[in-house]
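[1] From the sequence below, what's the structure:
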Amino acid sequence: AAAAPAAATAAGAAQRPPKAKIDVGKSAPQPSSTSNFRNVQTVYEVPNAYVTSESVEATRPVTFPIDSLSQLLGWCPGADQFNVSGVKLRARDKHHGPQTLVCHDMMGGYQQDKHPQGEGYRDVFRLMHWQFIDIFVYFSHSLVTVPPPVWVNAAHRNGVRVLGTFITEWDAGSAVCRDLLQTPASARSTAQKLVEVAEYYGFDGWLLNFENPIPPEHVPEMLRFVELLTKLLHQRKPHGLVIWYDSVTISGELKWQDELNSQNKPFFDRCDGIFLNYKWTLDHLKRSYAHAGLRHHQVYAGVDVFGRGTFGGGGYNTHAAVSAVLAQHLSCAIFAPGWLFENEDKEKFDENTQKMWKPIISQLQPRSLLGLPLVTSFCLGYGTRLFRQGVVESSSEWSHMSRADPQATLLFCCSPNPYFPGTGLEQVFADLAVEYDYTDGFEGGNCVRVRGTVQRQLASTIKYARCVVRLLSCYAELNRPVCVSVTTKVAAATAAVPQLMLALTREFEGMTYITLDPQADVAGDATLPQSDDAKLRDKYNVCASKRSGCENATWFYAPSSSCTALEELCECRDNEGWKTHHFILFDKALRGIAIKEIRLVLAVTPEQSGGAQIDVKVGRLGIAELASMHRVPGGVSDVRVHGTSFRASPSANHTLLSCFLSWLPEVVTATSETVAHYNIFEVSQQPRCLGRAYTNAFHVCNLSVPVVSSEKTELVFVVQSVSCSGLCVALDAAPKARLFFRLPKH
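    A predicted model of the protein is given here:
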């Protein structure tokens, strides 16, 4: 199997809880709490001998590759739920230009990333620029490389497709190819299994890398295998990809071409692209473009960050090779960016990452996420602390890439009027820095921070100067009433008030801009038309405002300060200086218009300029259709506790409990919303959040439990569903499982 021990799938279906009633204006509708206990354990009599810490560690879920063809052909789904990606691929805008592929290859693979529930330390290899990446390949030197779910979840949330690797090497690889290609039936069986593996674990396709010669008589079968795998994958996953690595030629010879030519084009013609070896020259690229024809963007020129014969030498000069590839209208495949983690100072990993990637992404366009809801706390999937609703939940380092949110674009522009940049006031904000801040956050491990000094005094003839930070690229159509929310923390001495600017677009028309100002006094600005919009206004207690300065003036509505109903819906609490503002857009004139980009605006007047300080943090950004905020997050049933084990605790009168939890997700209906993740709690005394799950299983490891010898102890585990809009089921209404146990007398 492709994974280590995990909870078995719970058998049988428990009775579903009653359907929740939707109560408009209240917090997220909750399931009935009359029968929340799906499984009540009998008293577990703990044996006299505790298990050792080593055996507890051995039960920790781990992702493994598949090492042989016989293992692959014998593989069956269902035994390792922990390694299934729970995040579906987010839709992106169709980008018709060059693509960016990143191939993982870091220390042989399956390092710190092999644990689906993350690690208790921060120093792990990670990516920070998902919005500029189109394809991520997880690579190892095992026969079948199954990408760990932490990578798949992070990539999918940012709209990036993930490929595993099917690789054969040396004499052992020749033997695999012989068995694979000996008959059409063996090739078909292998192709079918590869598709089943990708479908079950939730990733998007395969990189095929044959690093050994193939007998000429087997080459025709290899061509059929590549074509069949691509066809079967597209049938099950229309967005799936099969990419061929430039190694074996049409004659069966192992000979890297470093270009697309007649020796490898037959393989390219039967799949979705080719990954060129990284020792190319500019002439190789030009010939590749000529051979590819209209498919030139499906030619991925390899760029080795280790610099092994690659153009420009790799390392911090990797951008030179990327520039050369893009100049020839080909796509680039950045190979082994883990060089930063392996060879450079791990304490400066974030700094070094920006040093290497900044000149690369300056040549790329950020991709736009499509659809609603769109919610992000800008979490990178690791941190020195863990924040929950603005409060420190843990002061320990952590890493869990499954928590990586859609990332901020963080491009910076300044002008007195954001619609007409380049008017000479850039120096006003020259000292400002836009960065990720790991010392504070609203949800996860960090926030986005803008801070610095206003460098120049504005002339009194200038009304204001604006600093504009591009937070997020997206494409969200406003066909129904929409709620936009932003959570910020503003330092007391900050001169500027943060506002949101929405860049709107309509097909075949130019851009329109709306500024959402949390301090605007919009009451009485305009008379609200008598329509369904008026009813919506009354429901949410909002004020009306008509904004000018747009080509087509439109109605939008901002909630008043007394809009407690909406605040309850959004599940955002004002803690530790964080403040959430909500805006509702729901006029019919907005229909057919889409939000193209979300920007943070900091406006400074002449009275505020000249040495004034700016320090603004953005902790959360959310856009959701108002109707979705009244739906129940998808429920679960049949919560079970199994695989229970205990070990002695260094704390007196405590034991360390490890166990597995599993549950059955319920079908999403018209009155419920897709689940983004599950929060796992233990609530027998004060609620303790044990972590997040992105599939229907969770491993509780070394939970410290106060006990009295020979007396019965009760634990209550809760599985709390959280929707894609960020709404969650109340703890007292969420399904639970009880565990009773009794320790022996000493």
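[2] contacts, neighbours, all on C-alpha from now
    OK.
[3] So which residues of this protein form helices?
    53-58, 69-73, 149-157, 170-181, 184-201, 219-236, 265-268, 282-292, 318-327, 339-343, 349-361, 532-540, 564-570 (DSSP state H).
[4] Could you say which one of the ones you listed comes nearest to Asn209?
    With C-alpha to C-alpha, the closest approach to Asn209 among the helices of the chain belongs to helix 170-181: 10.4 Å.
[5] Go ahead and name everything in contact with the closest one.
    If you take C-alpha atoms under 8 Å, 6 or more residues apart in numbering as the criterion, helix 170-181 is touched by 68-69, 167-168, 186-187, 190, 210-214, 218, 221-222.
[6] List the buried residues for that helix?
    Within helix 170-181, the residues scored as buried using 16 or more other C-alpha atoms under 10 Å are Gly173, Ser174, Val176, Cys177, Leu180, Leu181.
[7] On the pLDDT front, check the first one for me.
    So the one you mean is Gly173. Per-residue pLDDT puts Gly173 at 97.
[8] now the third one
    pLDDT recorded at Val176 is 98.
[9] next one: the fifth one
    What the model reports as pLDDT for Leu180 is 97.
[10] What distance do you get for it to Phe225?
    9 Å (C-alpha to C-alpha, to the nearest Å).
[11] and for these two, which residues touch both?
    Joint contacts of Leu180 and Phe225 (C-alpha under 8 Å, 6+ apart) are Ala187.
[12] Correct me if wrong: Arg640 contacts Ser662.
    Yes - when contacts are counted by C-alpha atoms under 8 Å, Arg640 is listed as touching Ser662 (5.3 Å).
[13] give me the low-pLDDT residue ranges for the chain?
    The chain contains residues with pLDDT under 70 at 1-58, 412-428, 455-464, 508, 519-573, 586-589, 606-610, 745-746.
[14] so where do the strands sit in the stretch 551-700 of the chain?
    Ranges of strands within the stretch 551-700 of the chain are 555-559, 579-585, 593-604, 613-625, 632-633, 636-648, 654-665, 672-673, 675-682, 688-693, 697-706, based on DSSP state E, counting those that start in this stretch.
[15] What of the stretch 1-150 of the chain?
    37-45, 100-103, 135-137, 144-145.
[16] So which elements touch the last one?
    The reference is to strand 144-145. In terms of contacts (3 or more C-alpha pairs under 8 Å, 6 or more residues apart in numbering; DSSP states H and E), strand 144-145 is packed against strand 161-169.
[17] Name the strands paired with the strand it packs on and say parallel or antiparallel.
    When pairing is defined by DSSP bridges, strand 161-169 lines up against strand 135-137 (parallel), strand 144-145 (antiparallel), strand 205-211 (parallel).
[18] now what about the shortest one, what contacts it?
    So that's strand 144-145. Contacts of strand 144-145 (C-alpha under 8 Å, 6+ apart): Phe64, Pro65, Ile66, Asp67, Ser68, Leu72, Tyr138, Phe139, Gly164, Thr165, Phe166, Ile167.
[19] burial of the third one, as a residue count?
    To tie it back to what came earlier, the one meant is Ile66. 18 (other C-alpha atoms under 10 Å).
[20] Just list whatever residues bridge to the closest residue to it other than its chain neighbours.
    Nearest non-adjacent residue to Ile66, counting by C-alpha to C-alpha, 6 or more residues apart in numbering: Val144, 4.9 Å away. Beta-bridge pairing of Val144 under DSSP bridges involves Ile66, Phe166.
[21] Leu72 versus Val144, what's the distance?
    The value you get for Val144 to Leu72, if C-alpha to C-alpha is used, is 8 Å.
[22] Of those two, which one has the most company?
    Taking neighbours as other C-alpha under 10 Å, Val144 and Leu72 compare with Val144 leading, 26 against 20.
[23] dump the residue contacts of the closest residue to Leu626 other than its chain neighbours.
    Distances taken as C-alpha to C-alpha, 6+ apart place Val482 nearest to Leu626, at 5.2 Å, with adjacent residues excluded. Applying C-alpha under 8 Å, 6+ apart to Val482 gives the contacts Ile584, Leu585, Phe586, Ile623, Ala624, Glu625, Leu626.
[24] can you rerun that using 6 Å?
    For Val482, the contacting residues are Ile584, Leu585, Ala624, Glu625, Leu626, by C-alpha atoms under 6 Å, 6 or more residues apart in numbering.
[25] That one pairs with what?
    Under the criterion used here (DSSP bridges), Val482 is bridged to Leu585, Glu625.
[26] Distance check, it against Ser725.
    12 Å.
[27] Check Phe275 too.
    For Phe275, the distance to Ser725 - C-alpha to C-alpha - is 38 Å.
[28] Would you mind writing the CA trace of stretch 383-399 as PDB?
    Extracted in PDB, the C-alpha atoms of stretch 383-399 (Å, rounded to 0.1, in the frame of the first residue of the first chain):
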ATOM      1  CA  GLY A 383       4.800  29.500  11.900                       C
ATOM      2  CA  THR A 384       6.400  30.200  15.300                       C
ATOM      3  CA  ARG A 385       3.000  30.400  16.900                       C
ATOM      4  CA  LEU A 386      -0.500  29.200  16.000                       C
ATOM      5  CA  PHE A 387      -3.300  31.800  16.000                       C
ATOM      6  CA  ARG A 388      -7.100  31.100  16.200                       C
ATOM      7  CA  GLN A 389      -9.500  34.000  15.800                       C
ATOM      8  CA  GLY A 390      -6.700  36.400  16.700                       C
ATOM      9  CA  VAL A 391      -5.700  34.600  19.900                       C
ATOM     10  CA  VAL A 392      -2.500  32.600  20.400                       C
ATOM     11  CA  GLU A 393      -3.600  29.000  20.500                       C
ATOM     12  CA  SER A 394      -0.100  27.600  20.700                       C
ATOM     13  CA  SER A 395       3.300  29.300  21.300                       C
ATOM     14  CA  SER A 396       5.200  26.400  19.800                       C
ATOM     15  CA  GLU A 397       6.600  26.200  16.300                       C
ATOM     16  CA  TRP A 398       4.600  24.200  13.800                       C
ATOM     17  CA  SER A 399       4.300  23.300  10.200                       C
END
